[in-house]
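In: Fold the stuff below for me.
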Amino acid sequence: MKQYRSRSIAGSDFYTLLERVAGGLLYSHLFISFCAYSLTIETYLLAKVPVSLPLAAFVFLATLFTYNLSSVQSVLRHPQQRGPGQHAPWGQRNKKLLAGVGLVSIAAAALIYFSFNLRINGWFLLHLALISIGYTVPIRYKEKVVKPLRSVPLLKVFLIAYVWAAVTVLVPLMDAGIQLWETEALWLFLRRFLFILALALLFDIRDYTYDRNTNTLTFPGWIGVQNTRLLSLALLLLYVLLLLNTESGLVLMALIGSVAGAAMVILLSSERKPRIYYAVLADGAMLLHAGLVYLAMT
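Out: The predicted structure is shown next:
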């Protein structure tokens, strides 16, 4: 009996540890940042140019900073704020840790940018930074507060898709010396934009109740959850049509396979699904996308 109990306790400790590790990877935004890193590598492979690991690391760190920016802002504005209780969400309980991760990541990104002389136009980076900061951080001037961009009706998903496509396609192509107005670069950007836009709509579905309570108009609130799923699938179909005209062979099969995985995630999505469903599967669809391309080309 004692041996059975000791095994049960050990098993419980293991699952608790596993939960903490998984929570740390997901809610510290390390996982989503690795997805950005992987899509950046994929772009180099699809463009058939040498992979720049420093640039991919820069994208990883910049993404990590951006997703932890709200924690940085909160801690800097309210450094003496009392911590939440043990039952609060992981991100709330570890806000200071996330703020530290954010500050370290932007410092490391700056170090890589200047150490490796990355060939990225500074103005191009600045406009992406302004969109990323304005997406989550409200602008305060005296007693006036301008709401963040994510509160603008129907704009959220387009901003997400644009920034992700620009960072994971245009930034690596720019660093590789490819002109962004070349036909192949534009096709790659449009394809990535459509794929990310289809996935971004899932987060509107996830946040449907919250956005409705805060009077934020999103696609599910405008056309309904079911029609939002259909719109997401339609975007994937358009993405496939572009693939059929721009890719072939194993790469085409890999990309269509990633579309099948994303379509399954979309079909099973609902506002009642737990947040971890979207954190693992919706974001994981990007990792599948990059992973299958990597396997097809190496």
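
In: all contacts plus neighbour counts: C-alpha atoms, from now on.
Out: Noted.

In: show me where the stretch 101-250 of the chain has strands.
Out: Applying DSSP state E, counting those that start in this stretch to the stretch 101-250 of the chain gives strands spanning 139-141, 144-146.

In: Now do the contacts for the closest residue to residue 171 other than its chain neighbours.
Out: Nearest residue to residue 171 in three dimensions, chain neighbours excluded: residue 120, at 6.5 Å (Cα to Cα, 6 or more residues apart in numbering). Each residue near residue 120 by Cα atoms under 8 Å, 6 or more residues apart in numbering is listed here: 171, 174, 175.

In: For residue 257, state which of those residues is nearest.
Out: For the contacts of residue 120, the residue nearest residue 257 by Cα to Cα is residue 171; the value is 25.5 Å.

In: Number of residues surrounding the closest one?
Out: As a burial measure, residue 171 scores 24 neighbours (other Cα atoms under 10 Å).

In: Check residue 64 too.
Out: For residue 64, using other Cα under 10 Å, the count is 27.

In: cool, residue 178 as well?
Out: By the criterion of other Cα under 10 Å, residue 178 has 16 neighbours.

In: what's the distance between it and residue 129?
Out: Separation of residue 178 from residue 129 (Cα to Cα, to the nearest Å): 22 Å.

In: Over to residue 234?
Out: As judged by Cα to Cα, residue 234 and residue 129 stand 30 Å apart.

In: and what of residue 67?
Out: 12 Å.

In: Looking at these two, which is more packed in?
Out: For residue 67 versus residue 129, the count of surrounding residues by other Cα under 10 Å is larger for residue 67: 21 against 15.

In: and that one, how far is that from residue 134?
Out: According to Cα to Cα, residue 67 and residue 134 sit 12 Å apart.

In: Low-confidence stretches in the chain?
Out: Residues of the chain meeting the criterion pLDDT under 70: 1-24, 76-93, 139-145.

In: Geometric centre of this structure: which residue is closest?
Out: When Cα atoms, centre = their mean is applied to the chain, the residue found nearest the centroid is residue 32 (5.0 Å).

In: Show the contacting residues for that one.
Out: Neighbouring residues of residue 32 by Cα under 8 Å, 6+ apart: 26, 63, 64, 283.

In: what separates the helix or strand harbouring the second one from the chain centre, distance-wise?
Out: When secondary structure is defined using DSSP states H and E, the element that contains residue 63 is helix 53-67. Average the C-alpha atoms of helix 53-67, do the same for its chain, and the two points are 11 Å apart (Cα atoms, centre = their mean, to the nearest Å).

In: So that it lines up with my notes, have the first residue be 36 from now on.
Out: I'll keep to 36 as the first residue from here, and by that count the last item is helix 88-102.

In: residues in contact with it?
Out: Helix 88-102 has contacts (Cα under 8 Å, 6+ apart) with 64-65, 67-69, 71-73, 75-76, 136-138, 140-141, 143-144, 147-148, 151, 153, 167-168, 202-203, 207, 210.

In: out of those, which are inside helices?
Out: Counting by DSSP state H, the part of the contacts of helix 88-102 found in helices is 65, 67-69, 71-73, 75-76, 136-138, 140-141, 143-144, 147-148, 167-168, 207, 210.

In: Got a quick ChimeraX command for the buried subset of these?
Out: Those of the ones in helices among the contacts of helix 88-102 that count as buried under 16 or more other Cα atoms under 10 Å are selected in ChimeraX with:
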select :65,67,68,69,71,72,73,75,76,136,137,138,140,141,143,144,147,148,167,168,207,210
